[in-house]
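Undergrad: no sequence on hand, only this structure:
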């Protein structure tokens, strides 16, 4: 027991707590500063077009260039053997030391022209190879430390936004770096122009180390490593999700890495661009990432990494086709290449944001980040190196290939372009099997940007969070609804929980303007069943307007609310949704209801649902009510029972505008229908009635219309229609047409009957 307690205490002493989220957030600016300086270093040295053009200037073959670039990735295998040592010594300490050495070794690259001058061209490849090996080892050790440290120092909740924000700054830095590099490479033809760029890169490499020293975390980890070894690291391959991810990302690397490395040579040899313009192409890639970066990051945090990643892969697969079909040796070549590079930057970032976030958030367990990241680094190193070697060898082996297949040019680079199309498509078979971090499907993700107005949605979302007062917030909430886009769901939910009443009120109205959504429906249900009747009423109305059948059981429950206004709106929404199953419940409520407002709401809803048994009750309510608007609603409910709603509304609008003319026209249209009943003198009676109304002689026309109805009642009509016509005839005889809804209802019902009803 004592030995166990001692061991436990030793383990606890070894564990250094991870930084808090507050500490991580404070370190984010320093992380971005490091990435900015490191971006300039990469563009100026081993990872930009400058280095590939430099190797080509030295007279190396494409196989040699591929080999040299591959060495940088091959050394990532060190991660398998160094991971435990790195973790014990501390991620931060190891990283700073290794990347410091990386910058120092880069200095030797500057001395290449001197080696060429003193020892001749034969010594240069060996010298450059030695510099690359030393640089690569230092870099690989640093990357082994960087990946676990990077998972630790960025909160998962903002990882996508961090990636996007970081991309904005690094893209701007990259644009400036590429502009400077393109200018320097283009000003002369000797090797010194490259060494000047390398020297500037070393300075920024040292600045990146200084910035990284300010980032929290990365402390030594000892306790959890007592039994960790190479076998333990390799055992992570049993994780099916990780395995699918590595295979998928490996195929992407096999497709994209050689294209990225040898593209400058393609542009120079086949397209005819100058070295300066080739370097400038990177500005298009950086601009594409800069403009699309925030959107990719925001989408990944909000809707999950996998849909962003998959769409990034789709875009990547189209780029080789564009390179293959672009104009060559033309004045348009540079502009076409720049446009494709811009799209490539967008696609690259979509893939990068989605895949890296998925790796850190879902695939790699925090407690095993050392083992997972070591295995990941080694895998990426192997695949990247092989892709460079194979790519270079293919280009040398097919150097003599030249011709056309139809309109397609065929040369040594065509094989790389075809692989760049096929391999990403194949990778999707594996990436779709990776454990997802959200339930958003590919179709749903695409719908976010194709439904409604995504531009209005994005603009209103940004302005919603920047609104300074209640009127501005209400206005922007209205705009969120007008966009009718699924992008605005979270903002509408935020508005619905705002402490300001009218912001919540406007949120309910805005929710009703867009299509059904699970999250919004759940929010409406919560408001409907809440304790604020003013909002519950609007929630009930919104449910009816949305037309989502999931609302039905909750609206039925709303009929029993302790608030009468909520009961009334719940009933009306049930009618809007056509809920036939609610008819027994509404009939039961109406039988015992004493409140006149609720009686009208229930009765009109039953009429809307076509319940013919409600005809006597609706007629009684219509006769007793003195409010002209309510009477018209009751008349419409009766009209719905016997005929088409549109016909009633059309008649109402026409008669309100010009009662005499509209009634005359309606009677003329009824002649053929009434003739079917074969009643003596019917045609003459209808003509006389229509003539009276055409002269606006309502006192003469109303009794004639009542007489027409009395004659029809002698036939066997539908019971509901007969009851309505009987009442209408009496009202027309008693009140002239002061109650215009009676005239409209009578004409509407006459238009709905036919010989088949008797």
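TA: Alright, I've got the coordinates. Bear in mind that the values here come from a model prediction, so they are computed numbers and not experimental data. Numbering: from 1, shown residues only.

Undergrad: going forward, measure contacts and count neighbours with C-alpha atoms only.
TA: Fine.

Undergrad: doesn't residue 507 make contact with residue 538?
TA: No: between residue 538 and residue 507 there is no contact under CA atoms under 8 Å: 10.0 Å.

Undergrad: who has more neighbours, those two?
TA: Neighbour count, other CA atoms under 10 Å: between residue 538 and residue 507, residue 507 has more, with 28 against 24.

Undergrad: what helix or strand is that one on?
TA: Here residue 507 sits within helix 501-512, counting by DSSP states H and E.

Undergrad: then residue 409?
TA: Assigned by DSSP H and E, residue 409 belongs to strand 408-411.

Undergrad: can you tell me what sits against that strand?
TA: Residues outside strand 408-411 that contact it (CA atoms under 8 Å, 6 or more residues apart in numbering) are 324, 325, 398, 399, 400, 401, 402, 403, 404.

Undergrad: for the first one, helix, strand, or coil?
TA: Spelled out, that is residue 324. helix (DSSP: H, G, I helix; E, B strand; the rest coil).

Undergrad: looking at the contacts of strand 408-411, which is nearest residue 607?
TA: Nearest to residue 607 among the contacts of strand 408-411: residue 325, at 65.2 Å, using CA to CA.

Undergrad: could you check how many residues crowd around that closest one?
TA: Residues within reach of residue 325, counting by other CA under 10 Å, total 11.

Undergrad: ditto for residue 650
TA: For residue 650, the number of neighbouring residues by other CA under 10 Å comes to 12.

Undergrad: for the one 3 residues further on, same thing?
TA: Using other CA under 10 Å, residue 653 has 13 other residues around it.

Undergrad: and residue 302, what helix or strand is that in?
TA: Following DSSP H and E, one finds residue 302 within helix 275-303.

Undergrad: so what secondary structure elements neighbour that helix?
TA: helix 49-57, helix 159-186, helix 305-325, helix 333-358 (3 or more CA pairs under 8 Å, 6 or more residues apart in numbering; DSSP states H and E).

Undergrad: roughly how far is the shortest one from the heart of the chain?
TA: Read it as helix 49-57. Its chain's C-alpha centre and that of helix 49-57 lie 39 Å apart, by CA atoms, centre = their mean, to the nearest Å.

Undergrad: quick one: the helix or strand following it to helix 49-57, angle?
TA: Using DSSP H and E, the next helix or strand after helix 49-57 towards the C-terminus is helix 62-74. Calculated by axes from the mean of the first three to the mean of the last three CA atoms, to 10 degrees, helix 62-74 forms an angle of 140 degrees with helix 49-57.

Undergrad: and the helix or strand just after helix 62-74, how far out from the chain's middle?
TA: Per DSSP H and E, helix 62-74 leads on to helix 78-89 as the next helix or strand towards the C-terminus. Helix 78-89 sits 39 Å away from the centroid of its parent chain (CA atoms, centre = their mean).

Undergrad: next one: stretch 607-616
TA: Here the centre of stretch 607-616 is set off from its chain's centre by 45 Å, with CA atoms, centre = their mean.

Undergrad: what does stretch 601-619 give?
TA: With CA atoms, centre = their mean, you get 45 Å for stretch 601-619.

Undergrad: one more: stretch 50-70?
TA: Worked out by CA atoms, centre = their mean, stretch 50-70 lies 41 Å from the chain centre.

Undergrad: and it, what's buried?
TA: In terms of neighbour count (16 or more other CA atoms under 10 Å), stretch 50-70 has its buried residues at 50-56, 58, 62-70.

Undergrad: list the buried residues in stretch 561-581.
TA: For stretch 561-581, burial by neighbour count (16+ other CA under 10 Å) applies to 561, 563-579.

Undergrad: quick one: least confident helix or strand in the protein?
TA: Across the helices and strands of the chain, mean pLDDT, DSSP states H and E gives its lowest value to helix 2-14, namely a mean of 42.

Undergrad: the very next helix or strand once past that one packs against which elements?
TA: Under the assignment DSSP H and E, the closest C-terminal helix or strand after helix 2-14 is helix 21-44. With contacts taken as 3+ CA pairs under 8 Å, 6+ apart, helix 21-44 sits against helix 49-57, helix 159-186, helix 192-212.

Undergrad: mind putting these in CSV, mean pLDDT and distance to residue 632 included?
TA: Shown next, in CSV, are the helices and strands packed on helix 21-44 (pLDDT from 0 to 100; distance: least, CA to CA, whole Å):
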stretch, mean pLDDT, distance to residue 632
helix 49-57, 79, 77
helix 159-186, 77, 55
helix 192-212, 87, 75
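
Undergrad: make JSON lines out of the ones you listed and add distance to residue 269.
TA: What follows is the helices and strands packed on helix 21-44, written out as JSON lines (distance: least, CA to CA, whole Å):
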{"stretch": "helix 49-57", "distance to residue 269": "11"}
{"stretch": "helix 159-186", "distance to residue 269": "17"}
{"stretch": "helix 192-212", "distance to residue 269": "20"}
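
Undergrad: the ones you listed: which one's closest to residue 368?
TA: Closest among those, using CA to CA: helix 159-186, at 19.1 Å.

Undergrad: I am finished for the moment; much appreciated.
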